[in-house]
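Peer 1: no FASTA, just this:
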Ligand SMILES: C[C@@](CO)(OP(=O)(O)O)[C@H](O)COP(=O)(O)OP(=O)(O)OC[C@H]1O[C@@H](n2ccc(N)nc2=O)[C@H](O)[C@@H]1O
Ligand SMILES: Nc1ncnc2c1ncn2[C@@H]1O[C@H](COP(=O)(O)OP(=O)(O)O)[C@@H](O)[C@H]1O
């Protein structure tokens, strides 16, 4: 039996620098992992199965099964696996849980089925499933540009975070098609980006569309510098110590939930894989 983590990511900043003719947006974003997330267990089997099912997601559409099927068809491998998912990350919250599950599946089955595909090839397969999958496969904190497909390794500080889930679903396509989304941030170098204030260009619009997010962010800002991750709705505060983050966690408003985690520039997935 093989047990592997599927950590969450945060977008420490996210700038939208333009829109392409196909509707996709050019971004400049900084991805970092945290040491909290889902967990997957893999066992060799004849058939491919996943349990338990996720509410609202047909198993054949689950990114774990889609990743496994993609790996089978890409390599011609006919082996199966019994996969068990412990889901801890909120879905559609900007923490990349689905993408991380897909990346862990690609990396885990590559090992279980002894396929020996290089990370580059797994990342290229993963890109077919979602824009964020490659960064989870590579497992290094990264500055991403283009439509999120051009990576430069980055080494931001690794503080403690309190991540808070306002419990509202934000649709990524709805944010990216909203005429009020600002799309004209300048293209800066990584050095310039790291040394100017970190912001998320989606935050103002999400706050306007979802007052719950605005309210919770005002609350968190009382404790620490705080922002939204991805297209939301989750927000995170940046703390010097675990204790300070946990103090804020104890006071999270009743209608929200949260967790404390450490920022990691090396994904816990890579560490777990090495230790197998
Ligand atoms: C913008 C980010 C930042 O991390 O948001 P989050 O999803 O994490 O919140 C991600 O790159 C998103 O990744 P993901 O959610 O996998 O995106 P995809 O499935 O590829 O695209 C969802 C939709 O978002 C829009 N989209 C996505 C990426 C991009 N560079 N420009 C876009 O305009 C498109 O409308 C697309 O139909
Ligand atoms: N294993 C999975 N975990 C989470 N979401 C999944 C999974 N498989 C498919 N999905 C679908 O993908 C959507 C996006 O999920 P997720 O990656 O958690 O959000 P985000 O990209 O906002 O961080 C979910 O709303 C869900 O419908």
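Peer 2: Yep, that arrived. Because the structure is a prediction, the values reported are computed rather than measured. Ligands and ions are numbered 1, 2, ... in the order given.
Peer 1: okay, and the residue of the stretch 101-250 of the chain found nearest ligand 2 sits in which element?
Peer 2: Of all residues in the stretch 101-250 of the chain, the one sitting closest to ligand 2 is residue 101 (3.9 Å; Cβ to the nearest ligand atom). Yep, even glycine has a C-beta here, placed from its N, CA and C like the rest. Element membership of residue 101 [criterion: DSSP states H and E] is helix 97-112.
Peer 1: ok, then the element right after that helix?
Peer 2: helix 119-127.
Peer 1: picking up where we left off before, verify the contact between the residue of the stretch 101-250 of the chain closest to ligand 2 and residue 54 for me.
Peer 2: No - with contact defined as Cβ atoms under 8 Å, residue 101 does not reach residue 54; the gap is 9.5 Å.
Peer 1: shared neighbours, the two?
Peer 2: 62, 85 (Cβ atoms under 8 Å, 6 or more residues apart in numbering).
Peer 1: which one's more surrounded, these two?
Peer 2: residue 101 (29 against 18; other Cβ atoms under 10 Å).
Peer 1: show me the contacts for the more buried one.
Peer 2: 6, 38, 40, 62-64, 67, 85.
Peer 1: now with 6 Å, please.
Peer 2: 6, 38, 63-64 (Cβ atoms under 6 Å, 6 or more residues apart in numbering).
Peer 1: just residue 109 next, same as before
Peer 2: Contacts of residue 109 (Cβ under 6 Å, 6+ apart): 68, 71.
Peer 1: on the three-state scheme, residue 194 is what?
Peer 2: Classification of residue 194 using DSSP: H, G, I helix; E, B strand; the rest coil returns helix.
Peer 1: if we ignore the residues flanking it in sequence, what's nearest it?
Peer 2: residue 156 (7.2 Å; Cβ to Cβ, 6 or more residues apart in numbering).
Peer 1: doesn't the one you found belong to a helix?
Peer 2: No - using three-state DSSP, the secondary structure at residue 156 is coil, not a helix.
Peer 1: quick one: contacts for residue 54?
Peer 2: Residue 54 touches nothing, counting by Cβ under 6 Å, 6+ apart.
Peer 1: begin at 46 from here
Peer 2: With the count now opening at 46, the last piece we talked about shows up as residue 99.
Peer 1: run a quick neighbour tally on residue 278.
Peer 2: Other residues close to residue 278 by other Cβ under 10 Å number 27.
Peer 1: give me the phi and psi for it.
Peer 2: For residue 278, the backbone dihedrals are phi -90, psi 0 (criterion: degrees, to the nearest 10).
Peer 1: go on, residue 267?
Peer 2: phi -70, psi -20.
Peer 1: same question for the one 4 residues further on.
Peer 2: The phi/psi pair for residue 271 (degrees, to the nearest 10) reads phi -140, psi 150.
Peer 1: my guess is it contacts residue 264. True?
Peer 2: No - shown here, residue 271 and residue 264 do not form a contact pair, counting by Cβ atoms under 6 Å, at 9.0 Å.
Peer 1: those two: who's more crowded?
Peer 2: For residue 271 versus residue 264, the count of surrounding residues by other Cβ under 10 Å is larger for residue 271: 21 against 18.
Peer 1: run a quick neighbour tally on residue 196.
Peer 2: 18.
Peer 1: give me every residue in this structure lying close to ligand 2.
Peer 2: 99, 102, 106-109, 136-144, 146, 275 (Cβ under 6 Å from any ligand atom).
Peer 1: ok, now which ones touch the residue in the stretch 46-195 of the chain that ligand 2 sits nearest to?
Peer 2: Closest to ligand 2 within the stretch 46-195 of the chain is residue 143: 2.9 Å, counting by Cβ to the nearest ligand atom. If you count contacts by Cβ under 6 Å, 6+ apart, residue 143 has them with residue 108.
Peer 1: for residue 198, see how far away it is.
Peer 2: 24 Å (Cβ to Cβ, to the nearest Å).
Peer 1: same check on residue 320?
Peer 2: On the measure of Cβ to Cβ, residue 320 and residue 198 end up 22 Å apart.
Peer 1: and these two? Which one has more around it.
Peer 2: A side-by-side neighbour count of residue 320 and residue 198, using other Cβ under 10 Å, places residue 198 first with 11 against 6.
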